[in-house]
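J.: model this:
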Amino acid sequence: MLYALWQRRLLPGTVPEPLLQHFGIHARFLLALPLLFVAESSAESALRRVLPHFVSRGLVDESLRPAFRAILEQAGRLRSSSTALLVMVAVVAVATVFGLSFGGDTHELAWESGAGGPLHFGALWFSFVSRPIFLLVLLAWLWRLALLAWMFSKIAALELRLAPTHPDRTAGLGFLEQLTIGLAPLFFAIAVPIAGRWAHEAMYHGLDVRTLKVPAVALVVVLAAIGLAPLLAFAPRLRKVRRASLEAYGALLAEHGRRVERRWIRREVVADDDGLLSAPEIGPVADTVALYEVIAKMRSMPVGRKSLLPVVLASALPLVPVFAMQIPLKEIAKTLLAPLIGI
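T.: Below you'll find the predicted structure:
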């Protein structure tokens, strides 16, 4: 920006497309890049709140704690892996050279020397410093999300002491929904540069934002899927627990119902050697039915509105000003949010 100011290419009226008009560039480096670092602190804070619940809520008992700690330690080592860093640097280098060799996004360089013009300092700084740094930080985040999914898959493979009758409808794993709150700044940061680029096209190149409805919804859906992907590691285990619990509790409920019918309807003498009829934790027939209904309503993954809303809102909010340039806010809300949160 200092170079553009010095070369009289920053402010409107200096060149046909001054740097100040390229909202996507500013959104990427002045807002999104700092937010990616803020997201690191936010996500780590959320993990520090979530992970201890596996132990405090009894999902990981004494016999499982060594394996649980080993998984966390291995994830920490992989997160700081120098090999992973070198791979990411190599990917960024290849992407940078490839982009320059084949023209890349020349529109973002039009402020510096015009589209298709020679590369001067501004374009070189943008191509070899600013954009590679942003891409490297973004790749580091993708690596962390992949590690989070791997870590949860390893934890899900343990013999967790799940409680199928837990009222959170996820066998006691409902606390995992808090994680997406910590990841919200990440998805806001990813959506911001895209929104900035669209805003530039709409304001200066006559783009009709109504043509962006499908891409915008697709963006929100993809980012929501990425944000919720780590939680899906528990889906196979929850389905297995639900299936087995329905069978077991169904058999228990049937036996309990038969004995109640024999005692109170047929007036027969029923032996209660195993204490099934007098068990206080089972209680009346209504209570046994309630237990079965709780299991029948179990979700197959620890994903609900609490986990979905932070990701959806963080992904959709940067797009609102773009659509507000031409569309009423009420219609924007229906376009971006209704398909996902049922407005």
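
J.: ok, and for the helix or strand hosting L72, which residues are buried?
T.: Applying DSSP states H and E as the criterion places L72 in helix 65-79. For helix 65-79, burial by neighbour count (16 or more other C-beta atoms under 10 Å) applies to 68, 71, 75, 78. C-beta: built from backbone N, CA, C; applies to glycine.

J.: distance of the nearest residue to the third one once chain neighbours are set aside from Q178?
T.: Take A75 and drop its neighbours on the chain: the residue closest to it by C-beta to C-beta, 6 or more residues apart in numbering is M151, 4.3 Å away. Going from M151 to Q178 by C-beta to C-beta, to the nearest Å gives 16 Å.

J.: quick one, which of those two is more surrounded?
T.: Each of M151 and Q178 has its neighbours counted (other C-beta atoms under 10 Å); M151 has more, 21 against 16.

J.: secondary structure class for the more buried one?
T.: helix (DSSP: H, G, I helix; E, B strand; the rest coil).

J.: That one and I71 touch, don't they?
T.: Yes: between M151 and I71 there is a contact at 6.1 Å, judged by C-beta atoms under 8 Å.

J.: can you map out the strands along this protein?
T.: Applying DSSP state E to the chain gives no strands.

J.: tell me which helix or strand of it sits lowest on mean pLDDT?
T.: helix 338-341 (a mean of 52; mean pLDDT, DSSP states H and E).

J.: With adjacent residues omitted, what lies nearest to the spatially most central residue of the chain?
T.: With distances taken as C-alpha atoms, centre = their mean, G227 lies nearest the centre of the chain, 1.2 Å away. Closest residue to G227 apart from its sequence neighbours, by C-beta to C-beta, 6+ apart: V311 at 3.8 Å.

J.: and the gap between that neighbour and A229?
T.: V311 sits 11 Å away from A229, going by C-beta to C-beta.

J.: what do you get for A184?
T.: A184 is 15 Å from A229, by C-beta to C-beta.

J.: With neighbour numbers in mind, choose between these two.
T.: A184 (22 against 14).

J.: Report the contact partners of the more buried one.
T.: By C-beta atoms under 8 Å, 6 or more residues apart in numbering, A184 lies in contact with 42, 310-311, 313-314.

J.: Neighbours of L142, how many?
T.: Every residue meeting other C-beta under 10 Å relative to L142 is counted, giving 11.

J.: and if you look at the one 3 residues further on?
T.: L145 has 16 neighbours, counted by other C-beta under 10 Å.

J.: cool, and V192?
T.: 24.

J.: so what's G58 closest to, chain neighbours aside?
T.: R161 (5.5 Å).

J.: how much space between P328 and L5?
T.: Distance of P328 to L5, computed by C-beta to C-beta: 37 Å.

J.: Which residues are in contact with L148?
T.: L148 touches 75, 230, counting by C-beta under 8 Å, 6+ apart.
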